[in-house]
Structure formats: structure tokens, C-alpha cells
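1. dropping the sequence and predicted coords here.
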Amino acid sequence: MLHEQDWQSLAFLHWRVDPAVVAPLLPAGTRPDEFDGSTWVGLIPFRLANATAPGLPGLGPIPVVGTFPEVNVRLYSIDEEGRHGVVFRSLESSSLGAVVAARVLFGLPYQWADMSITTDAQGVIRYRSVRRGQGGLGGRRGPASAVDVVPTGRDRSEDELAVFLTARWGLHIERRGRTLFIPNEHPPWRVETAELEHLDDELLAAAGLPGLAERMPDSVLFSPGVHTRFGRALR
């Protein structure tokens with residue numbers, strides 16, 4: 001494995017979308033992955049923790065900068081080899097080091113943002129993000145996102161849609177004119193339903209998906225987290 005990380009306290013907000021809307025946003029050689037006649041767009045805020053340096057997992061988690069809040073906008077893809085993955089339209093991170101490293105090493109569209117994750121006495125988990133500049137590397141305010149959810153404890157780990165949305169075993173990226181697949185592996189998710197208390201999001205529109213945040217998500221889930229490992233990119 002190339003590197004490892006933990007994903008903690010994840011909210012999964014998803015909208016049904018016509019595959020024809022998403023297809024132009026995917027890398028060459030992939031097409032929208034579908035469930036129940038639709039493809040899906042995800043807005044996923046969470047905490048990335050205990051990340052190891054790429055190629056050096058034996059050294060253990062990177063101190064301080066290996067843990068930070070993140071929120072991503074993602075699509076679901078399948079390639080000609082039948083590999084199911086995700087395609088990230090944007091990824092916000094509060095760690096400038098992680099943003100620069102991910103852009104340089106993997107060409108991922110990471111953006112630097114002011115972010116926080118808090119939980120109040122009533123169990124409401126609040127995710128906040130404001131991009132530092134339109135290009136995500138500083139400057140005037142960029143798009144923001146505010147999500148409040150309450151996990152219900154109702155298990156959906158075996159639900160077919162929940163598995164489709166969360167058990168993705170890699171990501172497709174476009175790098176130097178080629179589409180690559182980066183595999184990952186992790187134990188089965190613990191997934192439960194969640195109630196959406198508040199949503200005010202500009203990231204979906206900024207990622208080329210206007211109008212979605214103006215309607216309620218078609219699926220709202222929560223997971224306490226999972227440990228994952230990433231392999232080297234494959235053609």
C-alpha cells in the first residue's frame with residue numbers, strides 16, 4: 001500500500017442526478033455509475049486523520065498536519081475494466097500542506113479552506129468550510145458550505161444504496177492526459193441514517209452542479225468512520 005489514513009465522523013449527503021448531466025464531468029474512459037436508474041452526486045464533510053506520507057506508511061501518521069477537516073464533492077464512475085470508483089470535483093482541506101501535496105502528487109483538485117467540525121450537547125454535528133480564495137490558495141473569500149446533521153443510530157450498513165454510495169474501492173483521476181485508477185481498501189462501513197438539520201452550500205454549484213443545494217438531498221447518512229489504505233495508481 002502507498003499510504004493510509006482514517007476517515008472519521010462522515011456525513012454523506014447525496015442527490016439523484018440524470019447520468020447525462022454528470023457524463024461530461026468524468027475523465028475519458030469512464031462513465032457514470034448508476035443505481036436505480038440514476039447516478040448520484042455526493043457532498044461529504046468529515047475529518048481525515050492519521051494520514052501517512054505517500055510511499056512511507058511504515059513511518060506512521062504525519063504529526064499535526066496528518067489530521068484535518070475535509071469536505072468533498074464527488075461523482076460515481078465505472079471504467080472499461082469494470083472498476084467502480086469516485087471522481088472528485090473538489091476537495092476542501094484546512095491543511096495547506098495537504099492541499100499542495102495532493103495537487104502536485106496526484107493532480108487532485110484540493111482547495112485550502114477555513115474549516116471546523118463541532119458537536120453540540122444535543123448531538124448535532126456541525127461542519128463548516130469557507131474556501132480561502134476562488135482558486136483555493138488564498139485571497140478573497142471563495143465558496144462556503146455549512147452542514148448540520150444528527151445521526152439517528154438506525155443501521156443501514158447492509159442497505160444496497162448505502163453500500164453503493166460508501167463502499168467505493170478506488171478513485172479515477174486524470175493525470176497528464178491519461179485516466180488512472182487509484183485503488184483503496186477498508187473494512188465494511190458502519191452506516192446509519194441521519195437527519196439533516198441545516199444545509200447552506202456553495203460548493204456543489206462551484207463544482208459545476210448548480211441547483212442541487214436548493215433541494216433536499218435524496219439520501220442522508222452518517223458513519224463514525226473507517227481506516228483505509230491506498231495503493232499505487234493503475235492504468
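-> Nice, thanks for sending it over. Only a predicted model underlies this, so the values are computations on that prediction, with no experimental measurement involved. Numbers count the residues shown, from 1 in each chain.

2. mind listing the helices for this structure?
-> Counting by DSSP state H, the chain has these helices, from start to end: 19-22, 96-106, 160-166, 203-206.

3. pull up the gap between His227 and Leu25, please.
-> 30 Å (C-beta to C-beta, to the nearest Å). Glycine gets a C-beta too; all of them are placed from N, C-alpha and C.

4. centre-most residue in this structure?
-> Taking C-alpha atoms, centre = their mean, the centroid of the chain lies closest to Asn72, which sits 3.8 Å from it.

5. for that residue, give its distance to Glu80.
-> 25 Å.

6. equivalent analysis for Val124, please.
-> From Val124 to Glu80 the distance is 43 Å (C-beta to C-beta).

7. in terms of neighbours, single out the busier of those two.
-> Val124 (15 against 9; other C-beta atoms under 10 Å).

8. the top strand by length along the chain: partners in the sheet, and parallel or antiparallel?
-> Ranked by residue count and defined by DSSP state E, the top strand of the chain is strand 3-17. Using DSSP bridges, the strands paired with strand 3-17 are strand 39-49 (antiparallel), strand 219-230 (antiparallel).

9. what is the neighbour count of Gly170?
-> Neighbours of Gly170 using other C-beta under 10 Å come to 21.

10. contacts only, for it.
-> Each residue near Gly170 by C-beta atoms under 8 Å, 6 or more residues apart in numbering is listed here: 83-86, 181-184.

11. let's see if you can find the most crowded of those residues.
-> Gly85 (24 neighbours).

12. list the buried ones in stretch 204-215?
-> For stretch 204-215, burial by neighbour count (16 or more other C-beta atoms under 10 Å) applies to 204, 206-207, 209, 212-213.

13. now swap in stretch 76-94 and tell me
-> 76-79, 83-94.

14. ok, the residues you listed vs Arg154, which is closest?
-> Nearest to Arg154, judged by C-beta to C-beta, of the buried residues of stretch 76-94 is Tyr76 at 23.7 Å.

15. beta partners for the closest one?
-> Going by DSSP bridges, Tyr76 forms beta bridges with Val86.

16. correct me, but it touches Pro32?
-> Yes - if you go by C-beta atoms under 8 Å, Tyr76 and Pro32 touch, sitting 6.7 Å apart.

17. what do those two both touch?
-> What both Tyr76 and Pro32 touch, as defined by C-beta under 8 Å, 6+ apart, is the set Thr39.

18. where are the low-confidence patches of this protein?
-> 1-2, 53-66, 136 (pLDDT under 70).

19. the residue of it most remote from its centre and Arg132, how far apart?
-> Taking C-alpha atoms, centre = their mean as the measure, the residue most remote from the mean C-alpha position of the chain is Ala121, 26.6 Å away. Separation of Ala121 from Arg132 (C-beta to C-beta) stands at 31 Å.

20. how close does Glu202 get to Glu195?
-> In this view, Glu202 and Glu195 are 22 Å apart by C-beta to C-beta.

21. in terms of neighbours, single out the busier of those two.
-> For the pair Glu202 and Glu195, the greater number of neighbours falls to Glu202 (16 against 12), based on other C-beta under 10 Å.

22. which non-adjacent residue is nearest the more buried one?
-> In this structure, Glu202 finds its nearest non-sequential neighbour in Pro143, 3.6 Å apart by C-beta to C-beta, 6 or more residues apart in numbering.

23. how about Val226?
-> His186 (4.7 Å).

24. re earlier: and the residue nearest to Glu202, how many residues sit next to it?
-> For Pro143, the neighbour count with other C-beta under 10 Å is 20.

25. wait, it sits on Arg131?
-> Yes - assessed by C-beta under 8 Å, Pro143 is found in contact with Arg131 at 5.4 Å.
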